[in-house]
Structures are given as C-alpha cells and as structure tokens.
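1. Got a sequence here, can you model it:
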Amino acid sequence: MKLATYKDGSRDGQLVVVSRDLCLAHYATGIASRMQQVLDDWTFMAPQLQDLYQQLNTGRTTHAFAFDPSQCMAPLPRSFQYLEAAAYPSHLALTQPEGSISKTEPQMRQGAGDCLVGACDEVALPSAALGMDFGAGLAAITGDISMGSTPEQALYGIRLLMLSNTLCLRNTMPGNPGHAWSQVQSWPAVGFSPVAVTVDELGEAWRGGRVHLPLHSSWNGRKVGMCEAGEDMAFHFGQLLAHAARTRTLAAGCIIASGVVSNAGETSGRGKNQRTEWPRGYHCIAEKRAMEAQLGGAATTGYLQFGDNVRIEMKSKDGQSIFGALDHTVVSPQGDGSHA
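-> Residues are numbered from 1 along each chain as shown. I've put the predicted structure just below:
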C-alpha cells in the first residue's frame, strides 16, 4: 500500500491512503490519524489500511479526492531517530580519501529527525557560500527492531520505503572528509518523497533488501542522475538496520537512509590513455566535482544557488511513478532571494 501525510496545521499532519497510480487519496479517519500511530500498532492497523487501499484502487470508496503532492508533509514528519548510511562504495570512492572506506561495515551517522521536509516544500539553507549540495537516495521506516538482530531478521522490521534528499553544506565539512559525518552543521535538512510504500508495491524490483530500479535526479530541469539503486549497493537495508541495532534497540518510527545512490565508473583504455566515465551521472554535486577533477584536474561545477530546483523520482518498469517526486527549491532563510 501507499501512505502519505497531509498538512493540517499540526506538527504530525493527517494520514491518508494513496492509490497505486498516485491519482486519488482517502483520509484514514477511523483507522488512524497519524503515521506514528500505525507504526506503533502495525499488526492491527496495517490490514485495515490495506483494505482501504484496495477499495481506493477499485473505485469502491465514497470520499476519495484528488491526490496533491504539494499538500504532503514528509510521510513521517517527525522521527524518533534518523540515521544515514553510506551504502554505496562508488560514492565514497569519489568523495573520501582512499583507505578511509570500510569494506566490512557501513559508515553511518546520526541525523536530525525532528523537522523532516515535505516533498514539495521549499528548503531554507543559510548561505550559498557554504557549498549547498543535494543527495538523492532511499530510506526505510522501521517497526521495532531488537538489539542484536541479524540482517535477515532486520529486513522484517521494514514497514515502508521512501525516496530521500539530504541537503548538506560541503564547505563546512572538516578538511578530512572521513570526519564529515560527525559535523552537525554540515547536514541541515533532509526531505522525503510524498508517498511511502510497503515493499510488496515494488514487486520483483525488491530483492535481497535492495530496490533494483533506476533513480532519476534533475537539477534545474536537466537530468543529471540515472543510477541503478540496487546494482552497487554494497550493504542492503537489512545490513544497515542490523548495523544500527548492534548496540541498541530501534523503536518503531526510526528512519534509516541509504545515503547517495551511486554507480561505479566505467574504465576504458590503458596506461596514459586510460579514462573513467560515469554514464549514469551523479546524485550529488560533490560526486560531479570529483569526476571533473579526475578527468580534467579541476572541478568546474558549482554548488547549488538560491532558487535552484532539485527533482528526484523513481519509476517502475512500466513507467509509473512509485513514490511520487521530490521537488525541492532552495531558498534563503530571509526570503529575499539573496545569494549571501
């Protein structure tokens, strides 16, 4: 099923069920009013929401209305715990120094889950001089996961999946990129797709704890990333959840993000003629700059400016949008359009 949270003036919004084609929605009134309620009592409430979802898809509801992504908050507007991993070695190979990357366990950082950004909300960042960047990825919302769970056990704790956009400030990160994960000011905002979906909605694309579909990112209307999300994901979601639960219990309502989706470059030629290219593009500007540095010796692409737009979406093999699109515009906190 597909779930979203509509804006109603409160911090936690109003839970709605969304049709498979993202055209219709129906308030979940009578079952649950907020997403966290469902996560707290999933076994009881999820079947009821699934029934409503089936009715909505077959036209058997009487109070359905047109679904409007611009009215959506993050599917889970506030999370008890937000963690972001670096599940793609190709991303780390571009953005971190050689030797700082572990091949046996994922890097993971604690992020802010108290004020998550809706899919179509403007994102206020402090200054373009700080190197504003986006980061397109995937994220899982969990049920309760016991401390010490195995990756296989942890997979069963996934309740919903979403797309994510992690906004960061590259120029505030320490000189050693390996320490960037602990820099609180470097990670000011994270937003999510309008809709969160249960894994069964992905069909055969959900295999081995990975989503085997391309992720599409556009920057100011120009497509810049088309990476396959499952192909080079070294640590699947079960492994990420188990890593997070190694020394703690994860309560229902935690969000674990994959980090920037990235595919390894393709190398051709030999010796001085050897050249690496990245035909599937990039899902953060830092990667693009690293690619340029490898190819030409200097990074030429600048970071985001106020007024820039980033759109992130994933479609099924038949071309249907699965989660809806994130459509973020970066703005000045003063609201004056300045490029301070």
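
2. and L163, how far is that from A242?
-> 23 Å (C-beta to C-beta, to the nearest Å). Bear in mind the C-beta positions are built from the backbone N, C-alpha and C, glycine included.

3. again, but for A87
-> Where A242 is concerned, A87 sits at a distance of 13 Å (C-beta to C-beta).

4. again with G203
-> 25 Å.

5. same check, this time on Q54
-> 33 Å.

6. circling back: of L163 and A242, who's got more company?
-> Counted by other C-beta atoms under 10 Å, L163 and A242 do not tie: L163 has more neighbours, with 30 against 23.

7. What helix or strand is that one located in?
-> strand 158-169 (DSSP states H and E).

8. pLDDT on that strand, on average?
-> On average, the pLDDT along strand 158-169 is 97.

9. got it, and stretch 323-337?
-> On average, stretch 323-337 scores 88.

10. Then stretch 40-52?
-> Averaged over stretch 40-52, pLDDT sits at 98.

11. repeat for stretch 280-298
-> Averaging pLDDT along stretch 280-298 gives 93.

12. Check which residues of it are buried.
-> 280-291 (16 or more other C-beta atoms under 10 Å).

13. which residues of the stretch 51-200 of the chain fall in helices?
-> 89-95, 151-155 (DSSP state H, counting those that start in this stretch).

14. I meant to write the stretch 201-340 of the chain there.
-> Counting by DSSP H, counting those that start in this stretch, the helices of the stretch 201-340 of the chain are 237-244, 285-296.

15. could those be laid out in CSV, adding distance to N171?
-> CSV is the format used below for these (distance: least, C-beta to C-beta, whole Å):
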stretch, distance to N171
helix 237-244, 28
helix 285-296, 11
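
16. Check which helices and strands the helix or strand bottoming out on mean pLDDT in the chain is in contact with.
-> Using mean pLDDT, DSSP states H and E, the weakest-scoring helix or strand in the chain turns out to be strand 266-268, at a mean of 81. Strand 266-268 sits against strand 275-277, with contacts defined as 3 or more C-beta pairs under 8 Å, 6 or more residues apart in numbering; DSSP states H and E.

17. which other helices and strands contact the strand it packs on?
-> By 3+ C-beta pairs under 8 Å, 6+ apart, strand 275-277 packs against strand 266-268, helix 285-296.

18. Show me what the longest one is in contact with.
-> Contacts with helix 285-296, where a contact means C-beta atoms under 8 Å, 6 or more residues apart in numbering, come from 91, 94-95, 133-134, 170, 219, 224, 260, 262, 265, 275-278, 282, 298-304.

19. what is the orientation angle of that helix with strand 158-169?
-> 60 degrees (axes from the mean of the first three to the mean of the last three C-alpha atoms, to 10 degrees).

20. Convert helix 285-296 to PDB, retaining C-alpha atoms only.
-> C-alpha atoms of helix 285-296 as PDB (Å, rounded to 0.1, in the frame of the first residue of the first chain):
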ATOM      1  CA  ILE A 285      27.200  17.700  -6.800                       C
ATOM      2  CA  ALA A 286      30.300  16.600  -4.800                       C
ATOM      3  CA  GLU A 287      30.400  13.500  -7.000                       C
ATOM      4  CA  LYS A 288      30.300  15.600 -10.200                       C
ATOM      5  CA  ARG A 289      33.100  17.700  -8.900                       C
ATOM      6  CA  ALA A 290      35.200  14.700  -8.100                       C
ATOM      7  CA  MET A 291      34.500  13.300 -11.600                       C
ATOM      8  CA  GLU A 292      35.700  16.500 -13.100                       C
ATOM      9  CA  ALA A 293      38.800  16.500 -11.000                       C
ATOM     10  CA  GLN A 294      39.700  13.000 -12.100                       C
ATOM     11  CA  LEU A 295      39.100  13.700 -15.800                       C
ATOM     12  CA  GLY A 296      40.500  17.200 -16.100                       C
END
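
21. How far away from the center of its chain is that helix?
-> 23 Å (C-alpha atoms, centre = their mean, to the nearest Å).

22. now swap in stretch 139-147 and tell me
-> 16 Å.

23. Tell me the buried residues in it?
-> 139-145.

24. Could you dump those residues into JSON lines with pLDDT and distance to V123 added?
-> Formatted as JSON lines, the buried residues of stretch 139-147 follow (pLDDT from 0 to 100; distance: C-beta to C-beta, whole Å):
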{"residue": "A139", "pLDDT": "98", "distance to V123": "16"}
{"residue": "A140", "pLDDT": "98", "distance to V123": "22"}
{"residue": "I141", "pLDDT": "98", "distance to V123": "21"}
{"residue": "T142", "pLDDT": "98", "distance to V123": "25"}
{"residue": "G143", "pLDDT": "98", "distance to V123": "29"}
{"residue": "D144", "pLDDT": "97", "distance to V123": "31"}
{"residue": "I145", "pLDDT": "97", "distance to V123": "30"}
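
25. Please produce TSV containing these, extended by distance to L125.
-> Listed next are these as TSV, based on distance: C-beta to C-beta, whole Å:
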residue	distance to L125
A139	20
A140	26
I141	25
T142	28
G143	33
D144	34
I145	32
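
26. and which of those residues is nearest to T62?
-> I141 (29.3 Å; C-beta to C-beta).
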